[in-house]
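Undergrad: sequence below, structure please.
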Amino acid sequence: MKQFLRYIIVWILNIEARLIFKKYKPEIIAITGSVGKTSAKEAVYSVLSQKFSARKSEKSYNSEFGVPLTVIGEENPWHSPLGWLKVILKGLELILKNRKKNYPKKLILEMGADRPGDIARLARFWPRVVLVTAIGEVPAHVEFFAGAAEMAEEKAKLVEALDVNGWAVLNGDDYAVLEMKEKTKGHVLTYGFGENLDVRASEYKLMYRAGERPEGITFKMDYAGSSVPVRILDSFGKQNVYAALAGAAVGIIYGMNLVEISEALSKYSALAGRLKLIEGEKETWILDDTYNASPQAMHAAIDVLKDLPAKRKIVVLGDMLEIGKFTIQAHQKAGDQVKEVADIVITCGPRAKFIAQELLDHGFAPGKVISVSDSREAGLELEKIIEPGDLILVKGSQAMRMERVVEEIMARPEKKSELLVRQEPEWLNRE
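TA: Just a heads-up that it's a prediction; the model follows:
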């Protein structure tokens, strides 16, 4: 019965969303990829909202539910029948009444794919701009795909849906994404660190406050012979450079210059749970990357940890889920990478034990590797061993609820609703 009701709600919402789209004709910027979609969406919104009436997907609303919710302009009511009725009535109101004065001119929509066919359904919204972030060797949510190539083929359906006036914005440092330029009738703008890309970053480095605590990143951004510096506070890692470049590329498409774009990006910051530096108890710092995990994002987080200074570096890694046949290999690779960076490693969950085993097989001291079953236990173990000056990276897939680890050792737990992911009542009530 629940599945039937879900199907009916999805069907109604998608019909309403297409009718709203047809009536109000907003330009759609569709963002897809295996990693980095939400950060890119935030950066695109930071840029476009400076000059245009724009709306973005809330949180990571990127599914057959999430995209219509953004078109309608409502949040996910979760398990509330009255909430879903309110959403449907709001959609009907937009269809039956004229709300053009208040309806956004630009819709920035995340579009995800868990299974083959998901993107084709979302492509019916006919985007003007399609931004593809990254695929990677082992993409996130690859469980129901044969591999990275099939995943890339699915994502490319959005690029193929563009007409001759459309734009494909492609991460040129990801070969599978760059290849999509051959699949579009529209214009192409590439971005990344590579030499021959259209919107390019260089001179990336960390910024420090009073010479000690890292406070963000800075880099130089080049396009068409012009160059500007970009500073992003309270965010770390090249992932945020890629997000900023993606936002810049979309801004360029809509006629913004580099100075305007750089100023807009100074207001961009990564969301909670995406490599955010949080003060921990006992004079420690936590690198909170608990939103989700894929092999590519895991490697990127460990790279950031490597760059940051600390007395000791402790890593708490949970299972990476939804990667199917790549599960063992991906966790072993994470173990191989983290052994060069961490002083102590705590693994959380049955799959993450492959990380622990990789460390032990390569000479990591047994007393420096701890394996536990869930995030609550990981938090308790971590609290026993942290010391002043420690930097602790916490990361794992969404279902592992790794934010509970951060909550256990954060210096100001009263601010958890502001600083941590998944603090809505619907999440907090789950086991």
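
Undergrad: which residues of the stretch 101-250 of the chain fall in strands?
TA: 106-110, 129-132, 167-171, 187-192, 199-209, 213-223, 226-233 (DSSP state E, counting those that start in this stretch).

Undergrad: scratch that, the stretch 251-400 of the chain
TA: Under DSSP E, counting those that start in this stretch, the stretch 251-400 of the chain gives strands at 276-280, 284-289, 312-318, 344-348, 369-372, 390-395.

Undergrad: low pLDDT regions in the stretch 301-431 of the chain?
TA: For the stretch 301-431 of the chain, the stretches with pLDDT under 70 are 431.

Undergrad: burial measure for Asp222, as a count.
TA: Burial of Asp222 is recorded as 15 neighbouring residues (other CB atoms under 10 Å). For every residue, glycine as well, the C-beta is placed using N, CA and C.

Undergrad: now it: closest residue in space, sequence neighbours ignored.
TA: Arg200 (4.7 Å; CB to CB, 6 or more residues apart in numbering).

Undergrad: so how far is Lys267 from that neighbour?
TA: From Arg200 across to Lys267, the span is 22 Å (CB to CB, to the nearest Å).

Undergrad: go on, Leu277?
TA: 18 Å.

Undergrad: same question, Asn102
TA: Counting by CB to CB - Asn102 and Lys267 are separated by 23 Å.

Undergrad: cool, Trp427 as well?
TA: 27 Å.

Undergrad: mind listing what's buried in the longest helix anywhere in the chain?
TA: Looking across the chain with DSSP state H, the single longest helix is helix 2-24. Residues of helix 2-24 classed as buried by neighbour count (16 or more other CB atoms under 10 Å): Ile9, Ile12, Leu13, Asn14, Glu16, Ala17, Leu19, Ile20, Phe21, Tyr24.

Undergrad: show me which of the residues you listed is closest to Glu150.
TA: Asn14 (24.5 Å; CB to CB).

Undergrad: and the nearest residue to that closest one once chain neighbours are set aside, its phi and psi?
TA: Nearest non-adjacent residue to Asn14, counting by CB to CB, 6+ apart: Pro68, 5.5 Å away. Reported as degrees, to the nearest 10, the phi and psi values for Pro68 are phi -60, psi -40.

Undergrad: per-residue pLDDT, Pro68?
TA: Listed pLDDT for Pro68 reads 89.

Undergrad: burial of the closest residue to Tyr291 other than its chain neighbours, as a residue count?
TA: Using CB to CB, 6+ apart and skipping the chain neighbours, the partner closest in space to Tyr291 is Gly273 (3.5 Å). Residues near Gly273, counting by other CB under 10 Å, number 22.

Undergrad: correct me, but Gly273 touches Leu420?
TA: Yes - look at Gly273 against Leu420 with CB atoms under 8 Å: they come within range, at 6.8 Å.

Undergrad: identify the contacts common to the two.
TA: Common neighbours of Gly273 and Leu420, counting by CB atoms under 8 Å, 6 or more residues apart in numbering, are Asp288, Thr290, Glu403.
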